[in-house]
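Engineer: I would like to see how this sequence folds:
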Amino acid sequence: MAFKSEEAATAYWKANLRLMLVLLCIWFVVSYGFGILLVEPLNEIRIGGLKLGFWFAQQGSIYVFVALIFVYVWQMNKLDQKYGVHEE
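Structural biologist: Below you'll find the predicted structure:
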């Protein structure tokens, strides 16, 4: 990767770290918050016969994690384009 300036490289990595922090916070809230801390209130809601808290603990956090991977790739491609370090 060749950045045009040191400021551009610093801004790129700050944006990258901010994106990762946001996505990891979302994953934490979904997996730990919904799957462990809020499991009892969420179990009052049923979807397809399954308790929602159980679903988040068993499958929901995995689905959210996979979706976050795609969001990360999409956002990093946009960030790479913005700073001119995209693959050609």
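
Engineer: For the closest residue to residue 36 other than its chain neighbours, which residues are in contact?
Structural biologist: Using CB to CB, 6 or more residues apart in numbering and skipping residues adjacent in sequence, the residue nearest residue 36 is residue 57, 7.1 Å away. Glycine gets a C-beta too; all of them are placed from N, C-alpha and C. Contacts for residue 57 (CB atoms under 8 Å, 6 or more residues apart in numbering) come out as 34-36, 39.

Engineer: now residue 57, what's its secondary structure?
Structural biologist: helix (DSSP: H, G, I helix; E, B strand; the rest coil).

Engineer: which residues of this protein fall in helices?
Structural biologist: Here the chain has its helices, by DSSP state H, at 6-28, 39-42, 52-55, 61-83.

Engineer: Could you say which of the ones you listed is packed most deeply?
Structural biologist: Among those, helix 52-55 has the highest mean neighbour count (mean count of other CB atoms under 10 Å), at a mean of 19.

Engineer: before we move on, back to that, Serialize the helices of the chain to a markdown table and add fields for mean pLDDT.
Structural biologist: Formatted as a markdown table, these follow (pLDDT from 0 to 100):
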| stretch | mean pLDDT |
| --- | --- |
| helix 6-28 | 94 |
| helix 39-42 | 90 |
| helix 52-55 | 86 |
| helix 61-83 | 94 |
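
Engineer: so what's residue 40 up against?
Structural biologist: residue 53.

Engineer: Could you measure from it over to residue 34?
Structural biologist: Relative to residue 34, residue 40 is positioned 11 Å away (CB to CB, to the nearest Å).

Engineer: Give me the nearest residue to residue 51, chain neighbours excluded.
Structural biologist: Residue nearest to residue 51 in three dimensions, not counting chain neighbours: residue 43, with 4.0 Å by CB to CB, 6+ apart.

Engineer: tally of neighbours for the one you found?
Structural biologist: By the criterion of other CB atoms under 10 Å, residue 43 has 16 neighbours.
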